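# sequence and predicted model, in that order:
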Amino acid sequence: IGPRNGPPVPPLALVGDLGGGGMFLVTGVLAALHEAKTSGRGQVVDAAIVDGAAALMAPMYGLMEQGGWVDERESNMLDGGQPWYRVYRTSDDKWLAVGALEPQFWSELLVKLEIPESETSRRDPSTWPALTERIAAVIGGRTRDEWEKIFTGSDACAAPVRSMTEAPYDPHLTARETFVEVGGHLQPAPAPRFSRTPSPVPRPATVLGSDTADVLRDWGVGTGQP
């Protein structure tokens, strides 16, 4: 990932440690527990970060084997190579994400951008750089908030890019209560959600050292005093 003429972008821990490692480990443990109900036997779950990260890349490798993905940054369907799936800078130096992959969403996007569809081509990659520049110029003519008002309620698949501090107050995330406040601190709410057995809101962490005496007492160590 990253721009074609620049260095690769350092991947977030979400890709390796959390997605490739943690999520696959949880899935493996749950699968092993389910299998143990039938076999009555346990087993070792080997969840390596490199294996999980590679598995997450399966769609891209599948496309590459079919000739639908080239091994060059910013040259493909989902890496910014196509004008209708990338991020554009707004006039206030903020960003607008565009993901109009399907033709109907692309048509709606062009209507909102006031670009005649007859002047564009999705089938001819040679026209994409110029089209990208044209869209960038249009989007760069308004602020992020102005574009948000224009695209709200439409099927153009365009939305403002939120920072970490802005994201919890996004209207959609607010409506879903995606973030909760625990002990005066904002954090993501438990996920996934269950209709019959909803997860409770997490409790705040205890103050460091506040449980030391109780733990030592439970273990029978000394008088239980820290």
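Cool, got the structure. Since the model is a prediction, treat every value here as computed from it, not as a measurement.

# quick one, strands of the protein?
85-89, 95-99, 158-160, 179-182, 185-188 (DSSP state E).

# now do the same contact list for L173.
A167, F179 (Cβ atoms under 8 Å, 6 or more residues apart in numbering). Placement of C-beta: from N, CA and C, glycine included.

# can you do 10 Å?
By Cβ atoms under 10 Å, 6 or more residues apart in numbering, the residues touching L173 are R162, E166, A167, F179, P188, A189.

# just the buried ones from the residues you listed?
R162, F179, A189 (16 or more other Cβ atoms under 10 Å).

# and the pLDDT at the first one?
Think R162. R162 carries a pLDDT value of 97.

# just the second one next, same as before
As predicted, F179 sits at a pLDDT of 96.

# could you do the last one as well?
For A189, the pLDDT comes out at 95.

# is it true that it touches T174?
No. Applying Cβ atoms under 10 Å, one finds A189 not in contact with T174, separated by 11.5 Å.

# distance of T197 from Q82?
42 Å (Cβ to Cβ, to the nearest Å).

# so between these two, which is more surrounded?
More crowded of T197 and Q82, by other Cβ atoms under 10 Å: Q82, with 21 against 6.

# got a list of what the more buried one touches?
Q82 touches E74, S75, N76, V98, A100, L101, W106, R122, P125, W128, L131, T132, counting by Cβ under 10 Å, 6+ apart.

# try E108
A100, E102, F151, S154, D155, A156, C157, A158.

# most neighbours of all those, which one?
A158 (24 neighbours).

# ok, now how distant is that one from E74?
In terms of Cβ to Cβ, A158 sits 19 Å off from E74.

# show me where the chain has helices.
Ranges of helices within the chain are 24-39, 49-56, 58-65, 103-113, 128-139, 144-151, 171-176, 212-219, based on DSSP state H.

# got the CA positions of the first one in PDB?
Read it as helix 24-39. Provided in PDB are the C-alpha atoms of helix 24-39 (Å, rounded to 0.1, in the frame of the first residue of the first chain):
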ATOM      1  CA  PHE A  24      -7.100 -15.700  13.900                       C
ATOM      2  CA  LEU A  25      -6.100 -17.000  17.300                       C
ATOM      3  CA  VAL A  26      -9.600 -16.300  18.700                       C
ATOM      4  CA  THR A  27     -11.200 -18.000  15.700                       C
ATOM      5  CA  GLY A  28      -8.800 -21.000  16.100                       C
ATOM      6  CA  VAL A  29      -9.600 -21.400  19.800                       C
ATOM      7  CA  LEU A  30     -13.300 -21.200  19.200                       C
ATOM      8  CA  ALA A  31     -13.100 -23.800  16.400                       C
ATOM      9  CA  ALA A  32     -11.000 -26.100  18.600                       C
ATOM     10  CA  LEU A  33     -13.400 -25.800  21.500                       C
ATOM     11  CA  HIS A  34     -16.300 -26.700  19.100                       C
ATOM     12  CA  GLU A  35     -14.400 -29.700  17.700                       C
ATOM     13  CA  ALA A  36     -13.600 -30.900  21.200                       C
ATOM     14  CA  LYS A  37     -17.300 -31.300  22.000                       C
ATOM     15  CA  THR A  38     -17.400 -34.000  19.400                       C
ATOM     16  CA  SER A  39     -13.900 -35.600  19.800                       C
END
